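pasted the sequence and its predicted model underneath.
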Amino acid sequence: MMQAARHPPVQYVALIDYQAQDSIGAIIRERASCTFNSLDGSDAPARTFWVKIDGERNLEWAARQPNAATLHRRLLKNL
């Protein structure tokens, strides 16, 4: 596969610092690491299931979130 590629494969990594409120209103600060591999050198994944969040595939990560059903539906639209 790599011999047929026009560009060398690239791994993109984004560190995202964010904050949110929990159910009682306390501010929670978190950091997420998002990665994906690109075989064509593009900086946008062709499919969202190629993205990993903190080392997990995005659907696995979304399943653990408090609003998992909503996130899961959004991610499946992009498959």
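Now that the structure is in, tell me what you want to look at.

on the three-state scheme, residue 76 is what?
At residue 76 the chain is in helix, as set by DSSP: H, G, I helix; E, B strand; the rest coil.

actually residue 73, sorry about that
Assigned by three-state DSSP, the conformation of residue 73 is helix.

burial count for it?
10 (other CB atoms under 10 Å). Every residue, glycine included, has its C-beta placed from N, CA and C.

next one: the one 4 residues further on
The local packing of residue 77 (other CB under 10 Å) involves 7 other residues.

give the residue spans of this structure that score low on pLDDT.
Confidence mapping of the chain against pLDDT under 70 gives the ranges 1-6, 46-49, 68, 71-72, 75, 78-79.

now the strands for it?
10-21, 27-38, 52-53, 56-57 (DSSP state E).

of all those, which one is nearest residue 77?
Within these, the stretch nearest residue 77 is strand 56-57; the backing value is 16.2 Å (CB to CB).

sheet partners, orientation included, of that closest one?
Paired with strand 56-57 in the same sheet, following DSSP bridges, are strand 52-53 (antiparallel).

which residues touch the closest residue in space to residue 13 that isn't next to it in sequence?
Once flanking residues are discounted, residue 13 sits nearest to residue 35: 4.9 Å by CB to CB, 6 or more residues apart in numbering. By CB atoms under 8 Å, 6 or more residues apart in numbering, residue 35 lies in contact with 11-14, 51-52.
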